[in-house]
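Enquirer: Please find the sequence and the predicted model below.
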Amino acid sequence: MSIPRPRPGILDIAPYVGGESRTVPNPVLGRPIRLASNEGALGVSPAAAGAYQSLAGDLHRYPDGASSALRTAIGRRYSLDPARIVCGAGSDEIISLLINAYAGPGDEVLHSAHGFLMYAISARAAGATPVRAPENRLCADVDALLARVTPRTRLVFLANPNNPTGSFLTPDELERLHRGLPGSVILVIDSAYAEYIARNDYSSGAELVERADNVVMTRTFSKIYGLAALRLGWGYFPPAIADALNRVRGPFNVTAAAQAAAVAALDDIAFIDTSRAHNDTWRAWTADRLGDLGLTVHPSIANFLLVDLNTATRADNLRDHLKRNGILVRQMGAYGLPACLRLSIGTEAEMRAVVDEVAHFVSAPSQHDAA
């Protein structure tokens, strides 16, 4: 019997599996501790929540397909030209739109070895070939990326900082990567965690977009803004690339509720400042405590930590131990790091509970390290 079949390559794609969201309550806090998806530790701005709720009476109306008020608000907040901003259903959609608009069968999409999984998935979905470049100590390697550029390369994706490693390239390294690329290749700087960073040796990439015709920057409202449930992302583009994406995106790809909540969230500077300060404090505290327990914690400037357990078995056993005690963290096998776990920075109480349970785990190695 003949049945419909997807085009070649689709069934070879390993589906993206997000962080777990269900487990037993943590015995200390009386609820699950969800640290597997890099969600904002402090939730959402009260102003954003109020704006979301205000749309309840207008759910029968289509949203503004151009996201005009939102693009204006983003431009005002980050001193960017709203005409060069395109919004989407999460930065995942922006990534997919870019690849579908500029790559297809016979083309290559380049990314670093431990980069965000959606780069390769979206490339394969478009019929293009994802290409991985080795990293240098879990950091993107400019020379390795440039060495793998071929006449078939159409886009180069760089998460900066990178998920799941937490590492980043400096502005000088971003410039060097861009200078080494042909003008026909698009450099995509994925700055999903940029709002967590306030340091002189980091750039979101917006300045480079302003000066180049082949650089784009993507962002999200799912992290520090706490709007992950609404699926909202955006990008800053050269005018020609923005025009191409506006031609292929859906006409109402961003909901009215997401637009309203995001506009309010952008104006709540105090919430963002508090969230950033909280993240700085508890990321450093957690890294120090886990280091004191003998674990290797890789440096991170984002809202998560990558912890190396030395073996995949020990990583799996720690993950299982935490889950039994109501704490969810992310396994890293899909990223080629099976001996590592990634844990998001949560509230003070959550991070203290995590460290306590890790301490219980390492205190009984004969019990937990068995294969």
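Expert: That came through fine.

Enquirer: residue boundaries of the strands in the stretch 251-371 of the chain?
Expert: For the stretch 251-371 of the chain, the strands defined by DSSP state E, counting those that start in this stretch cover 296-298, 304-308, 327-328, 330-331, 340-344.

Enquirer: Include mean neighbour count when you put these into a markdown table, please.
Expert: Any C-beta I mention is one placed from the backbone N, CA and C, and that applies to glycine too. Shown next, in a markdown table, are the strands of the stretch 251-371 of the chain (neighbours: other CB atoms under 10 Å):
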| stretch | mean neighbour count |
| --- | --- |
| strand 296-298 | 17 |
| strand 304-308 | 24 |
| strand 327-328 | 24 |
| strand 330-331 | 22 |
| strand 340-344 | 26 |
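
Enquirer: can I get the ones you listed in JSON lines with distance to residue 70?
Expert: JSON lines is the format used below for the strands of the stretch 251-371 of the chain (distance: least, CB to CB, whole Å):
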{"stretch": "strand 296-298", "distance to residue 70": "35"}
{"stretch": "strand 304-308", "distance to residue 70": "27"}
{"stretch": "strand 327-328", "distance to residue 70": "31"}
{"stretch": "strand 330-331", "distance to residue 70": "30"}
{"stretch": "strand 340-344", "distance to residue 70": "26"}
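
Enquirer: secondary structure class for residue 40?
Expert: What DSSP: H, G, I helix; E, B strand; the rest coil gives for residue 40 is coil.

Enquirer: residues near it, how many?
Expert: When neighbours are defined as other CB atoms under 10 Å, residue 40 has 26 of them.

Enquirer: doesn't residue 229 make contact with it?
Expert: No. Judged on CB atoms under 8 Å, residue 40 makes no contact with residue 229 at a distance of 11.1 Å.

Enquirer: need the strands for the stretch 51-200 of the chain, in chain order.
Expert: Under DSSP E, counting those that start in this stretch, the stretch 51-200 of the chain gives strands at 85-88, 108-112, 129-133, 153-159, 186-190.

Enquirer: how close does residue 90 get to residue 69?
Expert: Separation of residue 90 from residue 69 (CB to CB, to the nearest Å) stands at 19 Å.

Enquirer: ignore the last one, residue 326
Expert: Taken as CB to CB, the span from residue 326 to residue 69 is 40 Å.

Enquirer: The two: who's more crowded?
Expert: residue 326 (20 against 14).
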